[in-house]
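Enquirer: Structure, please.
(2 chains)
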Amino acid sequence: EPEVTQTPSHQVTQMGQEVILRCVPISNHLYFYWYRQILGQKVEFLVSFYNNEISEKSEIFDDQFSVERPDGSNFTLKIRSTKLEDSAMYFCASSVRVEAFFGQGTRLTVV
Amino acid sequence: DAKTTQPTSMDCAEGRAANLPCNHSTISGNEYVYWYRQIHSQGPQYIIHGLKNNETNEMASLIITEDRKSSTLILPHATLRDTAVYYCIAAPWDSSYKLIFGSGTRLLVRP
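Expert: Below is the predicted model:
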């Protein structure tokens, strides 16, 4: 069964450092998303991406965040200068239409 | 997006049907009801969706009331692996949609 793959599974970084979270969506999917979940809290929408541009972004997705689809297979989330409060599970998802497939997540720990 | 209300937690015995209710009294005509679940800290998993007709797939059944103000997700023969947080989400079906996750229902399947 096709799946969304995220790497790394766990990333530890120092405050102020840049991180790039990587995702390989399902190959024939057209819509891509990033969500995050702070420990013990709800899953929160960050950004959606279609046709090489951002479709929608939440208030969380400020200038410190960016997304890119550098080639035909990868979808990345970059955080330019990490803060302690960026510590969370980050989930990538992709879809053709209705059913969104989520990856297993990257646990980001900012120290 | 319409707000949904779910019980905080439920439990059922292994092998029995699990019936998870959801209220969405302010749902609008173009909004579907989606169900996802999250097992431990894994990525959310799509289960089923519907507009107004009852739906069934290999995982579950979805019963939507005639006035569409509430729905019930039915897992016909719950197993221990169905222990998870179940999310009911009302959202329009369009080509690039975001999912707004609430707190969901924590389902515990007892041996």
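Enquirer: Am I right that A:Leu108 is in contact with A:Ala88?
Expert: Yes: contact criterion C-beta atoms under 8 Å: A:Leu108 and A:Ala88 qualify, at 6.1 Å. No exception for glycine: its C-beta is placed from N, CA and C like everyone else's.
Enquirer: Residues that sit against both of the two, list them.
Expert: Counting by C-beta atoms under 8 Å, 6 or more residues apart in numbering or on different chains, no residue touches both A:Leu108 and A:Ala88.
Enquirer: ok, A:Val111 touching A:Gln17?
Expert: No: using C-beta under 8 Å, A:Val111 is not in contact with A:Gln17; the gap is 9.8 Å.
Enquirer: need the strands for chain B, in chain order.
Expert: B:9-13, B:18-23, B:31-38, B:45-50, B:55-56, B:61-64, B:70-75, B:84-92, B:105-110 (DSSP state E).
Enquirer: er, chain A I mean
Expert: A:5-7, A:10-13, A:19-24, A:31-37, A:43-50, A:53-57, A:65-68, A:75-79, A:88-95, A:100-102, A:106-110.
Enquirer: And for the closest residue to chain A within chain B, the neighbour number?
Expert: As assessed by C-beta to the nearest C-beta, chain A sits closest to B:Gly43 within chain B, at 3.2 Å. B:Gly43 has 23 neighbours, counted by other C-beta atoms under 10 Å in any protein chain shown.
Enquirer: Geometrically speaking, which residue is the centre of the chain?
Expert: Just going to use chain A. A:Trp34 (3.6 Å; C-alpha atoms, centre = their mean).
Enquirer: right idea, wrong chain: chain B
Expert: Centre-nearest of chain B using C-alpha atoms, centre = their mean is B:Trp35, 3.5 Å out.
Enquirer: quick one: B:Thr5 and B:Lys69 touch, right?
Expert: No: the criterion here is C-beta under 8 Å, and B:Thr5 misses it with B:Lys69 at 10.6 Å.
Enquirer: Can you get me a residue count around A:Pro2?
Expert: A:Pro2: 11 neighbours (other C-beta under 10 Å).
Enquirer: low pLDDT regions in chain A?
Expert: Applying pLDDT under 70 to chain A flags no residue at all.
Enquirer: Enumerate the residues of it near chain B.
Expert: Listed as neighbours of chain B in chain A under the rule C-beta under 8 Å from any C-beta of the partner chain: A:4, A:31, A:33, A:35, A:37, A:42-45, A:48, A:50, A:55-56, A:58, A:89, A:91, A:93, A:97-105.
Enquirer: Narrow those to those that are buried.
Expert: A:4, A:31, A:33, A:35, A:37, A:43-45, A:48, A:50, A:55, A:58, A:89, A:91, A:93, A:100-105 (16 or more other C-beta atoms under 10 Å in any protein chain shown).
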